[in-house]
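Enquirer: I need the structure of the sequence given here:
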Amino acid sequence: MGIFDKIFKAVPEEEKLTQQEAFAGIALAMAGADGSIAESEWAGIVNYIRRLRIYDNFSNPAFDKLFDKLFRILRNQGPGALVNASVEGLSEDLRLTAFACAVDIALADGVLEEEEKELINQMAESLEIPEQTAISIIEVMIIKNKA
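Expert: Numbers count the residues shown, from 1 in each chain. Predicted coordinates for the structure are as follows:
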């Protein structure tokens with residue numbers, strides 16, 4: 001078992017994520033990358049999710065259940081494992097959107113911690129986002145979050 005295998009442990013089979021859980025998992029992993037979730041990061045997650053069509057049929061109890069599952073993975077296995085589980089459950093057509101959401105959340109509190117930078121790199125690689133596309137998304141999100 002390599003160093004990264006120890007850090008980014010596989011999520012157990014019973015914790016496999018649906019499309020909706022996977023998208024939210026990417027966002028939550030980013031918010032929790034530095035060990036705490038700032039209010040601005042949580043607000044960013046909620047804002048993104050409430051606007052996406054994939055959550056149109058989600059009730060408040062459904063959101064509670066979704067986040068309970070994701071917080072359990074984040075708490076027990078860490079952000080890297082949550083990213084890996086999320087990548088497996090995320091469709092190709094939502095990968096750029098999830099990455100942009102994650103970068104936006106990382107920048108929402110005005111500080112980009114080293115752990116967040118590392119997780120952005122891991123996400124770009126795991127989501128198979130071309131380097132130039134990832135750079136463009138990051139640049140746009142930096143501009144967006146300046147105000």
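Enquirer: Now find how far off-centre the longest helix along the chain is within its chain.
Expert: What stands out as the longest helix in the chain, according to DSSP state H, is helix 60-77. Remark: helix 60-77 is offset 13 Å from the chain centroid, using C-alpha atoms, centre = their mean, to the nearest Å.
Enquirer: check contacts around Arg50.
Expert: The contact partners of Arg50, by C-beta atoms under 8 Å, 6 or more residues apart in numbering, come to none. The way it works is simple: take the backbone N, C-alpha and C, and place the C-beta from them, glycine included.
Enquirer: The helix or strand just after the longest helix of the chain: which residues count as buried?
Expert: Sequence order places helix 79-89 as the next helix or strand after helix 60-77, per DSSP states H and E. Within helix 79-89, the residues that qualify as buried are 79-87, 89, counting by 16 or more other C-beta atoms under 10 Å.
Enquirer: now do stretch 140-147
Expert: 141, 145.
Enquirer: Give me the contact list for that stretch.
Expert: Contact with stretch 140-147 is made by 100, 103-104, 107-108, 110, as judged by C-beta under 8 Å, 6+ apart.
Enquirer: which SSE is the spatially most central residue of the chain in?
Expert: Nearest to the geometric centre of the chain sits Ile26, at 1.7 Å (C-alpha atoms, centre = their mean). In the assignment (DSSP H and E), Ile26 maps to helix 19-31.
Enquirer: Format the CA atom coordinates belonging to that helix as PDB.
Expert: Output of helix 19-31 as PDB, limited to C-alpha atoms (Å, rounded to 0.1, in the frame of the first residue of the first chain):
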ATOM      1  CA  GLN A  19     -25.000  11.300  -8.600                       C
ATOM      2  CA  GLN A  20     -26.500  13.900  -6.200                       C
ATOM      3  CA  GLU A  21     -24.400  12.700  -3.300                       C
ATOM      4  CA  ALA A  22     -21.300  12.700  -5.500                       C
ATOM      5  CA  PHE A  23     -21.700  16.300  -6.600                       C
ATOM      6  CA  ALA A  24     -22.300  17.500  -3.000                       C
ATOM      7  CA  GLY A  25     -19.400  15.300  -1.900                       C
ATOM      8  CA  ILE A  26     -17.000  17.200  -4.100                       C
ATOM      9  CA  ALA A  27     -18.200  20.500  -2.700                       C
ATOM     10  CA  LEU A  28     -18.100  19.200   0.900                       C
ATOM     11  CA  ALA A  29     -14.700  17.700   0.600                       C
ATOM     12  CA  MET A  30     -13.300  21.000  -0.500                       C
ATOM     13  CA  ALA A  31     -15.000  22.900   2.300                       C
END
